[in-house]
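Asks: Turn this into a model:
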Amino acid sequence: MNPPLPRIDRKSALPLLGLAMAYPSAGSLERIGPDWDWVWIDLQHGDLDLREMTDLVRTCDFIGKPGLVRVPAQDPGWVSRALDSGAAGVIVPMVESLDEARAMVRAAKFPPLGNRSYGGRRVIDRLGRGYYRAANEDMVLIVQVESNEAVALSDELAALPGIDGLFLGPDDLTIREGRDVDSPKDAATIGRQAHHVADCCRRHGKLSVCVGAGDAAMALAKDCGYRLVVGGGDVGFLAGGSKAASQKARAFFAPKA
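Replies: Alright, predicted model coming up:
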């Protein structure tokens, strides 16, 4: 019997810190993934295709960390393929209505809660043909709220059976409010929305998810009580480490005044 696949610990006393993966590098994930509690595999905006996504899910399995796949769109086919790979769950972007959320529940959950198609080569190989019996609880469905209109629906979204959590999307929210995408994501700018989403999730016993990019965003996540917080990503670690190393080397060889 194979060991169980890694899953999100919904009862963790501490927030779970996540690593975002946008590049198709299983080796990188194998090296740095163990530092984190879960992995965000980004098929929407990352440089990944279906095969590379599956490779990252397999690597999550190997290192014992749950992988959540953000699918490219509200497409039942993508939801099915991601879950059939053995991912711990899916993140669905740009959910703007209850009807859209209900459609994703139908895609992600087996009957009677949803209408997910049974199958999946890898998930059956890993868990056996009876995996569907526990799948609705084991695999999480997270929907992203990325506008003020979606934030206003947060209580109703969090109350929906089959929705396991809400993910506040700071960048889209920021640009929709007319601010530059690189402006601060802190209590003064998105604090009201961040608190509201977290409060709604807490009220209904659902997971609250956000990005803690920078000290101010991380402090806001802590203050609001978010349960899953993205703490960094492969892109930032690669770029930041490379820049710091090159600057150090150039300073070493710079002509003396």
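
Asks: Now do the contacts for the closest residue in space to residue 35 that isn't next to it in sequence.
Replies: Excluding the flanking residues, the one nearest residue 35 by CB to CB, 6 or more residues apart in numbering is residue 19, at 7.3 Å. From N, CA and C alone the C-beta is placed, and that goes for glycine too. Counting by CB atoms under 8 Å, 6 or more residues apart in numbering, residue 19 makes contact with 29, 32-33, 35-36, 38-40, 230-234.

Asks: same question, residue 171
Replies: Here residue 171 is in contact with residue 181 (CB under 8 Å, 6+ apart).

Asks: same question, residue 162
Replies: By CB under 8 Å, 6+ apart, residue 162 lies in contact with 105, 108-109, 113-114, 136, 141.

Asks: Let me have the contacts of residue 19 in a markdown table, adding distance to residue 91 and secondary structure as columns.
Replies: Shown next, in a markdown table, are the contacts of residue 19 (distance: CB to CB, whole Å; DSSP: H, G, I helix; E, B strand; the rest coil):
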| residue | distance to residue 91 | secondary structure |
| --- | --- | --- |
| 29 | 17 | helix |
| 32 | 20 | helix |
| 33 | 17 | helix |
| 35 | 21 | helix |
| 36 | 16 | coil |
| 38 | 11 | strand |
| 39 | 11 | strand |
| 40 | 7 | strand |
| 230 | 11 | strand |
| 231 | 16 | strand |
| 232 | 17 | strand |
| 233 | 14 | strand |
| 234 | 17 | helix |
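
Asks: about what we covered before: buried members of the contacts of residue 162 into PyMOL, please.
Replies: Per 16 or more other CB atoms under 10 Å, the buried members of those correspond to this PyMOL selection:
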select buried, resi 105+108+109+114+136+141
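
Asks: Show me which of the contacts of residue 162 is closest to residue 208.
Replies: Closest approach to residue 208 among the contacts of residue 162 (CB to CB): residue 141, at 14.1 Å.

Asks: Next one: the closest one relative to residue 78, how far apart?
Replies: From residue 141 across to residue 78, the span is 13 Å (CB to CB, to the nearest Å).
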